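> Dropping a prediction and its sequence here:
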Amino acid sequence: MVNQFSKFTTNLADLTKPIRELLVKNTAWTWEPPQQDAFDKIKKALTSAPILTLYDPNKATKIAADASSYGLGAVVLQEEEPDTWKPVSFISRSMTTTEARYAQIEKEALAVTWACERSSNYIIGKPITIETDHKLLVHLLTNHTIDKLPPRLQRYKMRLMRFHIKDVRHVPWKTTLHSRHSVQEDT
């Protein structure tokens, strides 16, 4: 049920991590305070009023994406009024064990690529802005030719070519909280 409502919930990958750890093969299934705390936070997130707005193809759209040590998160935003952005959709997922070993620049590039692909029904064919809190990623996505990038970043950049990305901006982590918002911060 949690996954069915994931687009209305921010930071789901981080919220569910303690519970998902119980599902690992050869792990003893013991419900302890971290699992109960995660369960309570998930319940609160699912019972709080959604703050999403309806998608309008005529409004400016941007995606704010971020990567943590073990999860990816993003939000699709649309401009309601000048300098006022409202969320259309929240997405998150946990990283595979292989992805968790990537360098941080690769995790951030994965987050942007995954967010664009997952949100393609909103952004395909329309100009979008990407926001990230990783300065180097902005430089690599906007200034480098593909042949000068490491292979994994080359693949991510090639996957992003099908989208009309008009701008990639660096924003300090405090202003990308839509993509990393945690229920814990509300309590």
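Sure thing, it's come through.

> shaky segments in the chain?
1-10, 49-51, 174-187 (pLDDT under 70).

> quick one, strands of it?
61-67, 71-81, 84-94, 128-132, 165-170 (DSSP state E).

> domains of this structure?
The chain breaks down into these domains under the TED database: 2-47, 61-170.

> quick one on the thing from earlier: for Lys25, which of the strands of the chain is the nearest?
Of all these, strand 84-94 sits nearest to Lys25, with 15.8 Å by C-beta to C-beta. (C-beta placed from N, C-alpha, C; glycine too.)

> How much space separates the residue lying farthest from the centre of the chain from Glu21?
Distance from the C-alpha centroid of the chain, by C-alpha atoms, centre = their mean, peaks at Ala28 (30.4 Å). Note on Ala28: its distance to Glu21, by C-beta to C-beta, to the nearest Å, is 11 Å.

> ditto for Glu108
Glu108 is 24 Å from Glu21, by C-beta to C-beta.

> Please apply the same query to Ala38.
9 Å.

> Check Thr61 too.
Applying C-beta to C-beta to Thr61 and Glu21 gives a distance of 35 Å.

> For the closest residue in space to Trp29 that isn't next to it in sequence, give me its contacts.
Sequence neighbours aside, Leu22 is the residue nearest to Trp29 in space, at 5.2 Å (criterion: C-beta to C-beta, 6 or more residues apart in numbering). By C-beta atoms under 8 Å, 6 or more residues apart in numbering, the residues touching Leu22 are 29-31, 35.

> mind listing the helices in the chain by residue range?
Along the chain, counting by DSSP state H, helices occupy 12-20, 33-47, 104-118, 120-123, 135-143, 151-160, 177-180.

> Dump the ones you listed into TSV; add mean neighbour count and distance to Pro87 as well.
Below are those laid out as TSV (neighbours: other C-beta atoms under 10 Å; distance: least, C-beta to C-beta, whole Å):
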stretch	mean neighbour count	distance to Pro87
helix 12-20	20	14
helix 33-47	15	14
helix 104-118	21	13
helix 120-123	15	12
helix 135-143	16	22
helix 151-160	16	21
helix 177-180	22	6
